[in-house]
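[1] Show me how the following folds:
(one chain, ligands or ions: 1)
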Amino acid sequence: MSLAKSIGYSEEELRAIPDEANLALSCGNPTALTSLKEGEVALDLGSGAGFDCFLAASKVGPKGKVIGVNMTSEMIEKARNNAKKSRISNVEFRLGEIENLPVVNNSVDVVITNYVINLSVDKLKVFQEVYRIMKPGGKIAISDIALLKELSKRIQKSIEVSGLKNVKVTVKGSSSCIDPNTKDPIGKAILGGLGEGESLEGYVVSI
Ligand SMILES: C[S@@+](CC[C@H](N)C(=O)[O-])C[C@H]1O[C@@H](n2cnc3c(N)ncnc32)[C@H](O)[C@@H]1O
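    Below is the predicted model:
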């Protein structure tokens, strides 16, 4: 089963969006968590190559609009090319940070986001920005990871004490789970930081 299917995307949804938009960097399907109606304005925080924007665009229809915001020009260019190739005209990609959204006040019906807020160094600012740009009664659908409890000092320090230098992380498929028999040095270091009988599931959840 593909990663996208295993985290909540249907075959029909996957068929409808450009292949290049799927970076395999998602952790859920935010458009499935909320209802998007024709004519609504949706905003995707950290839109990457446009995966969820294109799904949302088909739901809000030609009278609606989807805005994707991402902080790298590389992703914005990729997303714009995907929209152009697939002739999807009700999406717009804007370069910007989710802590300082390039979006006017009270203008968005539904905010979606997939595996991005956890990366922000100022999550409070992100939610303040969401509040600012959302219309009264607006909705937010978040797919992300969240800690259920603080990681033990042992786990937090597991990478530091492993003695690894010049660490390069290569994401292969799902980045949110670690095979207990992994040979990857970083995965091994993280698992090595767990106490007797502990598992990562007690610390991290994908929602
Ligand atoms: C894990 S990827 C997820 C991409 C997309 N949501 C998906 O599901 O395919 C995270 C994306 O968020 C962007 N990003 C991370 N922090 C950001 C920030 N503070 N403001 C805007 N974009 C951000 C990254 O450039 C990257 O494209």
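
[2] make it CA atoms for all contacts and neighbour counts henceforth
    Fine.

[3] what's the single longest strand in the protein?
    In the chain, taking DSSP state E as the definition, the longest strand is strand 134-143.

[4] CA atoms of it as PDB?
    Extracted in PDB, the C-alpha atoms of strand 134-143 (Å, rounded to 0.1, in the frame of the first residue of the first chain):
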ATOM      1  CA  MET A 134      -9.800  33.500   9.400                       C
ATOM      2  CA  LYS A 135     -13.400  34.700   8.800                       C
ATOM      3  CA  PRO A 136     -15.700  34.500  11.900                       C
ATOM      4  CA  GLY A 137     -16.800  30.900  12.200                       C
ATOM      5  CA  GLY A 138     -13.900  29.600  10.100                       C
ATOM      6  CA  LYS A 139     -12.500  26.100  10.600                       C
ATOM      7  CA  ILE A 140      -9.000  24.600  10.800                       C
ATOM      8  CA  ALA A 141      -8.000  21.000  10.000                       C
ATOM      9  CA  ILE A 142      -4.600  19.900  11.200                       C
ATOM     10  CA  SER A 143      -2.700  16.800  10.300                       C
END
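
[5] Give the buried residues for the lengthiest helix in the chain.
    Ranked by residue count, the top helix of the chain under DSSP state H comes out as helix 73-85. Counting neighbours by 16 or more other CA atoms under 10 Å, one finds that the buried residues in helix 73-85 are M75, I76, E77, K78, A79, R80, N81, N82, A83.

[6] Over to stretch 33-43?
    Result for stretch 33-43 [16+ other CA under 10 Å]: buried residues L36, K37, E40, V41, A42, L43.

[7] Mean confidence (pLDDT) on that stretch, please.
    Mean per-residue pLDDT for stretch 33-43: 94.

[8] Stretch 156-167 too?
    67.

[9] repeat for stretch 128-140
    Mean predicted lDDT for stretch 128-140 stands at 95.
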